Each structure stands twice: as C-alpha cells, then as structure tokens.
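In: Here's a sequence, model it:
(one chain, ligands or ions: 1)
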Amino acid sequence: MYAGMLRVRLFEERVRELFAAGRIPGFLHTSIGQEAIAVGVATALAPDDYVLSTHRGHGHLVAKGGSLRGLMAELYGKANGICHGKGGTMHIADVSVGYLGANGVLAAGCVLAPGVGLSIKHRKSGQVVVTFFGDGAANRGPFHEGVNLAALWRLPVIFVCENNRWASTTAHECSTAGGSIAARAAGYGIPGEAIDGNDVLAVHDAVARAAGRARSGEGPSLVEARTIRWAGHFEGDPQAYRSRDEVAEGRRTDPIARLGQHLEARGLLDAAHAARIREAVVAEIEDAVAHAEASPLPAPQDALTDLFAYYPWPD
Ligand SMILES: Cc1ncc(C[n+]2csc(CCOP(=O)(O)OP(=O)(O)O)c2C)c(N)n1
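Out: Below you'll find the model as predicted:
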C-alpha cells in the first residue's frame with residue numbers, strides 16, 4: 001500500500017512537470033492527496049474485479065495494476081499508449097486490468113456500474129464492480145438512478161464517492177443538501193458509510209466489507225471517502241475560491257506520510273527501506289517517461305480505426 005500510494009503520487013507529480021513543460025497535451029486533472037482511496041479500493045479487490053473511473057482517474061488505473069509505460073505514452077498521445085494515443089488523460093481504458101474506463105461525464109459511471117453488475121450476476125462470476133465519483137457528481141441524477149437500480153436488483157456494485165470538498169470551484173456545503181452523501185444510501189435501503197479517505201487502511205476495510213456483501217448476493221454499498229485534493233481542479237486552476245490553509249491541512253493529513261508513520265511505529269519500515277522504495281518507484285516512472293518520449297505519434301491513416309464497434313444485429 002505504501003509503495004502503491006507513492007507510485008500514484010510520484011507519477012502524477014512527474015506528469016504535472018511534463019504538462020507544464022509542454023510534453024503532455026490536453027487538459028489535466030490530478031488526484032494528488034487522494035491516493036489512499038485509489039489504493040485502499042484496489043487492494044480490497046481481486047485482479048479480475050472491475051472499476052469505472054472519472055476525469056481524475058490516473059491513480060485508479062495505476063492502483064488497479066495498469067502499466068506506467070502504457071499510461072504515460074497515452075498521456076503523451078503516442079501510438080504505444082494504452083488506447084493508442086486516442087484516449088488521453090480523460091478517456092483511458094485498460095480492460096486487461098479491469099479498468100473499464102475513465103469518463104469525462106460526471107456520474108456516468110454510476111449508471112454504467114449497474115450494467116456491469118448485471119453482467120456479473122448473469123455470468124455468476126463472483127466479481128464486483130466499483131464506480132468512483134466525486135461529491136459534485138453525487139448531486140447529479142445518474143447517481144440516484146444507478147444506486148436505485150443496483151439496490152433494487154441487488155447488483156454487486158460498490159459506489160465510492162471521493163469527497164474532496166470541491167466540485168470544481170463549488171464547495172461541498174454549497175451544493176450538497178443534507179451534508180452527507182453516505183446518508184443518501186438509507187433512502188435506497190443499502191449500507192452507507194462515511195470514512196476518512198486519507199486513511200488507506202480504513203478505505204481498504206470499508207471496501208472489503210462492501211465487496212464481501214456484494215459477492216454473497218446482498219447487493220450494493222455506498223462508501224463516502226472524505227479527502228483533500230492538493231492541486232487545482234485542473235492544471236492551471238488559480239484556486240481563487242479556497243484558502244491556502246486547506247492545502248496545508250491536506251499536507252498535514254498526507255495519507256502516505258500517515259501510513260509511513262504507522263509502519264515505522266510497528267517496525268515494518270525505516271528510512272533506508274523507504275528510500276529504496278522511492279528509488280524503485282522513481283526508476284519505474286523515468287522508464288515510463290523515456291518510453292513515452294521515444295514512442296511514435298499515431299499514424300494519420302489510423303485516425304479512424306477503433307472509433308466504432310459494429311455488432312452483428314439479428315435480422
Ligand atoms: C455532466 C457534466 N457536467 C459538468 C461537467 C464539468 N465538470 C467537470 S469536473 C466538474 C466538477 C466535478 O466535481 P466532483 O464530482 O466533486 O469531482 P472532482 O473534480 O472534485 O474530483 C465539473 C462540473 C462534466 N464534466 N460533466
């Protein structure tokens with residue numbers, strides 16, 4: 001978990017630098033500060049379980065086992081990227097690790113997840129699907145539609161809300177009636193739990209409980225993980241809507257430092273070991289950067305491949 005969170009953090013810090021240097025095109029949202037949620041969830045799942053992600057989804061993919069090389073090349077828009085450079089940061093997908101896709105449409109995963117859950121139920125495969133979404137997305141209709149259907153049909157879905165206090169520039173308390181997203185679960189007759197999203201062990205435990213419930217046919221759960229995003233909503237966001245104190249609070253409650261202290265107190269980690277972990281993570285990231293830099297751009301004649309899927313319709 002410690003190495004996993006550090007991989008997400010250092011990967012995204014490097015991506016910010018590369019974006020600022022003009023190496024990565026497009027529009028970028030990072031999840032720095034929120035790593036405990038991605039890693040706590042992924043470590044509570046089996047490799048063949050599914051996740052549906054958001055516009056802030058690099059960490060979800062890295063934690064689920066996505067390749068740093070494939071992701072970095074994708075962010076560069078290169079042909080060797082996971083989606084051959086056509087997805088970029090907000091439309092990544094890697095089905096080989098159960099990552100069914102990032103999504104730029106807020107709460108879209110909440111209505112896709114019951115579909116995945118229904119497929120799991122019909123196939124009796126024993127898998128579960130997690131859908132991540134933000135506190136802002138929880139105020140959109142698809143959240144309610146998705147939770148309702150999953151609850152009604154007892155589908156193996158885990159709704160994980162990453163409540164980072166902001167929906168772009170709008171504060172949680174200015175947009176969310178009732179104050180608690182977890183409490184909304186009661187309206188649909190399913191368990192809803194608000195947890196400290198900067199405590200990776202708490203996230204893991206909550207999702208492990210929800211997964212156990214889902215696998216035994218008891219249906220969906222809602223987990224609201226409260227956290228703080230350290231960077232802007234997007235790269236370049238001047239953040240005039242919040243005080244610096246909040247970022248300082250985020251750094252004080254840093255999920256990585258917190259787990260590090262927990263491990264040190266139990267004699268499971270020391271400074272030399274932590275340095276070795278960091279060194280290995282940095283080497284992996286630099287390898288991914290070199291790979292992305294050396295990869296070719298997609299060929300113009302491939303522009304229209306993979307854009308449409310044709311299904312044989314019955315006559
Ligand atoms: C349906 C829809 N409406 C509006 C937007 C524009 N938009 C992109 S991110 C965002 C805020 C999202 O807030 P939240 O769901 O809390 O996620 P966070 O960005 O905090 O991770 C908005 C309004 C969008 N992408 N999709």
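
In: where exactly do the helices run in the stretch 201-315 of the chain?
Out: Taking DSSP state H, counting those that start in this stretch, the helices of the stretch 201-315 of the chain run over residues 244-252, 255-265, 271-294.

In: Now render these as TSV, adding mean pLDDT and mean neighbour count.
Out: For every residue, glycine as well, the C-beta is placed using N, CA and C. Formatted as TSV, those follow (pLDDT from 0 to 100; neighbours: other C-beta atoms under 10 Å):
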stretch	mean pLDDT	mean neighbour count
helix 244-252	95	13
helix 255-265	98	17
helix 271-294	98	14
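
In: Make CSV out of these and add distance to Thr305.
Out: Shown next, in CSV, are those (distance: least, C-beta to C-beta, whole Å):
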stretch, distance to Thr305
helix 244-252, 42
helix 255-265, 40
helix 271-294, 21
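
In: Any chance of these in TSV with distance to the ligand as columns?
Out: Shown next, in TSV, are those (distance: least, C-beta to the nearest ligand atom, whole Å):
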stretch	distance to the ligand
helix 244-252	13
helix 255-265	16
helix 271-294	23
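
In: Go through the ones you listed and name the closest to Leu106.
Out: Leu106 sits nearest to helix 244-252 of all those, at 21.8 Å, using C-beta to C-beta.

In: residues in contact with the closest one?
Out: 33, 165, 228-230 (C-beta atoms under 8 Å, 6 or more residues apart in numbering).

In: how many neighbours does the residue of the chain found nearest the ligand have?
Out: Nearest residue of the chain to the ligand: Gly134, at 2.2 Å (C-beta to the nearest ligand atom). Residues near Gly134, counting by other C-beta atoms under 10 Å, number 25.

In: excluding its backbone neighbours, what's nearest it?
Out: In space, Gly134 comes closest to Glu162 once its chain neighbours are excluded; the distance is 5.7 Å by C-beta to C-beta, 6 or more residues apart in numbering.

In: do the same with Ala102
Out: Ala102 sits nearest to Gly57 (C-beta to C-beta, 6+ apart), 3.8 Å away.

In: What residues does the chain have near the ligand?
Out: 55-56, 104-106, 134-137, 164, 166-168, 233 (C-beta under 6 Å from any ligand atom).

In: can you rerun that using 8 Å?
Out: The chain has residues 29, 31, 34, 54-56, 104-108, 133-138, 140, 162-168, 170, 172, 229, 233 near the ligand, with proximity defined as C-beta under 8 Å from any ligand atom.

In: Show me how far stretch 193-212 is from its chain's centre.
Out: In terms of C-alpha atoms, centre = their mean, to the nearest Å, the centre of stretch 193-212 is found 14 Å from the chain centre.

In: From the rest of the structure, what touches it?
Out: With C-beta under 8 Å, 6+ apart, stretch 193-212 has contacts from 1, 5, 33-37, 39-41, 43-45, 49, 128, 130, 158, 160, 162-163, 180-183, 191, 220-228, 253-255, 258-259, 262.

In: Keep only those of those that are in strands.
Out: Under the assignment DSSP state E, those contribute 130, 158, 160, 162-163, 221-226 to strands.

In: Report the contact partners of the residue nearest to Ala102.
Out: Neighbours of Gly57 in contact, by C-beta under 8 Å, 6+ apart: 31, 90, 92, 102-103, 132.

In: Quick check, pLDDT for His84.
Out: We have a pLDDT of 95 for His84.

In: Now do it: how many residues are near it, please.
Out: Neighbours of His84 under the rule other C-beta under 10 Å: 17.

In: again with Gln127
Out: 21.

In: Quick check: the gap between it and Val157.
Out: Per C-beta to C-beta, to the nearest Å, Gln127 is found 11 Å from Val157.

In: Next one: the residue nearest to Gly134, what pLDDT does it get?
Out: Looking at Glu162, its pLDDT reads 98.

In: Read off the pLDDT value for the closest residue to Gly40 other than its chain neighbours.
Out: What sits nearest to Gly40 in space, not counting adjacent residues and going by C-beta to C-beta, 6+ apart, is Val203, at 2.6 Å. pLDDT, Val203: 98.

In: what's the neighbour count on Val203?
Out: Neighbour tally, Val203, other C-beta under 10 Å: 28.

In: ditto for Cys83
Out: Neighbours of Cys83 under the rule other C-beta under 10 Å: 19.

In: How about Asp254?
Out: Summarising burial for Asp254: neighbours were counted as other C-beta under 10 Å, giving 20.

In: my guess is it meets Gly33, correct?
Out: Yes - applying C-beta atoms under 8 Å, one finds Asp254 in contact with Gly33, separated by 7.4 Å.

In: re the thing from before, how about the contacts of Gly57, which pair is most distant?
Out: Distances among the contacts of Gly57 were taken as C-beta to C-beta; the most separated pair is Ser31 and Asn103, at 14.6 Å.

In: which stretches of the stretch 1-150 of the chain form helices?
Out: Secondary structure of the stretch 1-150 of the chain (DSSP H, counting those that start in this stretch): helices located at 2-20, 35-43, 58-64, 68-75, 108-123, 141-152.
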